[in-house]
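>>> with the sequence up front, the predicted model follows.
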Amino acid sequence: MGDTITFTASGVTDSGGEQRENCDVVTIPPVTPTYKWTLTIPPDYPDPLPPLSGSGASVGVVALVGGTYSATFTAKADRDCPPPDITIGPGTSQVPTNYSTVEIQYKTFIACEVAGPTPPDPWLYDFFRGDDRGFGYAFGAVDSRTFQRVTVTVDPSNETGLIGTAMQVMGITQGFDDDPDGSDVTPLATPTCMGQCSYGFVPGATPECTGTTPDPVETGKLAIAVTPIDQSHIQVVVTNRAKDQCEDVVPAIDVDLVLLFRQTCEDGILGPLEFKASGSYDGYPWHELYLNGIQVFIHDPCVTGDTPNSMFPFIGNYQFEVDGSNNPTPLADWQTVPGTQ
């Protein structure tokens, strides 16, 4: 007792090794091992102590009592490779299945029952049958001068963007060669639309001309072009060059509407379907645009003062993006498509 008992570890070597999981190097060079120890002393030692621990290849203790002293050494080759930096990318790729669709419906119509009277020469007919209606989604092709409808989606899995078949119909033209005192029309007691709607038809009124629909001469006057732009944008161009099928000198109803739709997808989450519009249109007749059955644009000649003369070039031309008629929201700004989430 009183001597120092020394414990020493030796002879442990590290020979290196091969690459471990997640290491960048192929060969791992050897290193000098390090040691940690745990020293156990007899329980009768003054001020009884629990097992002591420390680091190093040697540890000593003064033997103050008889008994068993022991040391346990753990050798460690401190050469484990740290894993490389990990770049956290976007989440697991997901393919949405709930892309929105939008039904586009563009119509023109004549609100009066009787359109006219027209100037004398070179007009062949004094009056034309109007559509005798106001604005409304429920009115269809038989109640319109022109009717154009198409349904599209921005879903990139749909290569064309088109859903179903586009529908385009020109209304039937009826011309009446009569005068205000003849048998076909009668003056209204209360004219409307600043006098533009001044006559009604008498029972049994017979047109001198009835245009056919579709008129072979007018084939191609209505057009819809659907073009996917990229993964999140699609363009729809609505073109109208419809002419009166009874009166060659009557100018065409001109419409050049460009609708751009977008619906973005981030980490599998879809944003809202949005749209904006540009292009131009004649100030006559009445125009209306519906998206998913909800009115987003109208043009009313009764408000703007336009007449059939506004169909002539450069007389009554309006811009969709500027919105020169009756609409409070400019169509040039991105806005959510109604009827979608």
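Right, received. Where do you want to start?
>>> can we go C-alpha only for contacts and neighbour counts from here?
Noted.
>>> next structured bit after the one helix or strand in the chain whose mean pLDDT sits lowest?
Between all helices and strands in the chain, the lowest mean by mean pLDDT, DSSP states H and E belongs to strand 17-18, at a mean of 69. Using DSSP states H and E, the helix or strand that follows strand 17-18 in sequence is strand 27-28.
>>> excluding chain neighbours, what is closest to residue 35?
Nearest non-adjacent residue to residue 35, counting by CA to CA, 6 or more residues apart in numbering: residue 75, 4.5 Å away.
>>> surely that neighbour meets residue 36?
Yes - the pair residue 75 / residue 36 is scored as a contact, 6.6 Å apart, by CA atoms under 8 Å.
>>> what bits of the chain have low per-residue confidence?
18-26, 79-95, 120-122, 179-182, 212-220, 314-316, 322-330, 341 (pLDDT under 70).
>>> try 50
The chain contains residues with pLDDT under 50 at 216-217.
>>> which parts of it are helices?
301-304 (DSSP state H).
>>> let me see the domain layout of it.
Domain assignment for the chain by automatic domain parsing gives 4-76, 101-336.
>>> tell me the contacts of the residue nearest to residue 35?
Neighbouring residues of residue 75 by CA atoms under 8 Å, 6 or more residues apart in numbering: 12, 33, 34, 35, 36.
>>> can you pull out the strands in the stretch 201-341 of the chain?
Ranges of strands within the stretch 201-341 of the chain are 209-210, 222-228, 233-242, 253-262, 265-266, 269-270, 274-282, 286-291, 294-299, 317-319, 335-336, based on DSSP state E, counting those that start in this stretch.
>>> distance to residue 201 added to the ones you listed, as CSV?
Output for those, formatted as CSV (distance: least, CA to CA, whole Å):
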stretch, distance to residue 201
strand 209-210, 15
strand 222-228, 29
strand 233-242, 24
strand 253-262, 24
strand 265-266, 55
strand 269-270, 53
strand 274-282, 27
strand 286-291, 20
strand 294-299, 25
strand 317-319, 31
strand 335-336, 43
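>>> distance to residue 192 and mean neighbour count for those - can I get that in a markdown table?
A markdown table is the format used below for those (distance: least, CA to CA, whole Å; neighbours: other CA atoms under 10 Å):
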| stretch | distance to residue 192 | mean neighbour count |
| --- | --- | --- |
| strand 209-210 | 26 | 16 |
| strand 222-228 | 30 | 18 |
| strand 233-242 | 25 | 21 |
| strand 253-262 | 22 | 22 |
| strand 265-266 | 50 | 14 |
| strand 269-270 | 48 | 14 |
| strand 274-282 | 21 | 20 |
| strand 286-291 | 14 | 21 |
| strand 294-299 | 17 | 19 |
| strand 317-319 | 23 | 19 |
| strand 335-336 | 35 | 16 |
